[in-house]
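> This is a predicted model, with the sequence first.
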Amino acid sequence: VQLQASGGGLVQAGGSLRLSCAASGSLFSINIMGWYRTFPGKQRELVATLSSSGTATYADSVKGRFTISRDNAKNSVNLQMNSLKPEDTAVYYCNRRQLQIRYVDYWGQGTLVTVSS
């Protein structure tokens, strides 16, 4: 499974960015796609996920500002990030967890989001 992410960049505080991620390869229908992020010196943390059945999960820090969506026909997931804050600055990673007898995680390359104050 390959995940191709795009959409990072530099934005001023209060601005918006949209991240996209497309999955290809050996895809299984029961899955969760989403985004995680890492800050320097810290572990990767969940930002938002959306299951193939439609269940969404958000980190408390992004609720009300970020919206995750997916296009199951295109095997893609998007993250609309509004009202960005400097503390959102991080490397964002696309993730796909799919059920293949057991759950298996796949990761895309990171995309840097920088929010200036």
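Structure's in. What do you need?

> and the longest strand belonging to the chain, how far out from the chain's middle?
The single longest strand within the chain, with elements called by DSSP state E, is strand 90-100. What separates the centre of strand 90-100 from the centre of its chain is 7 Å, taken as Cα atoms, centre = their mean, to the nearest Å.

> Could you give me the buried positions within that strand?
Neighbour-count burial for strand 90-100 flags 90-98 (criterion: 16 or more other Cβ atoms under 10 Å). C-beta coordinates here come from the backbone N, C-alpha and C atoms, glycine included.

> Over to stretch 75-93?
Buried, per 16+ other Cβ under 10 Å, within stretch 75-93: 75-81, 84, 88-93.

> quick one: average confidence on the following helix or strand past the longest strand of the chain?
Downstream of strand 90-100, the first helix or strand assigned by DSSP states H and E is strand 102-107. The average pLDDT for strand 102-107 rounds to 97.

> Strand 102-107 versus strand 90-100: what angle between them?
Angle of strand 102-107 versus strand 90-100, following axes from the mean of the first three to the mean of the last three Cα atoms, to 10 degrees, is 150 degrees.

> buried residues in strand 102-107?
Of the residues in strand 102-107, Tyr106 count as buried by neighbour count, 16+ other Cβ under 10 Å.

> partner strands of it, parallel or antiparallel?
Within its sheet, and counting by DSSP bridges, strand 102-107 is paired with strand 90-100 (antiparallel).

> Show me the contact partners of the partner strand.
Outside strand 90-100, the residues that touch it by Cβ atoms under 8 Å, 6 or more residues apart in numbering are 1, 3, 5, 8, 19, 21, 23, 27-28, 30-39, 44, 47, 49, 77, 79, 103-113.
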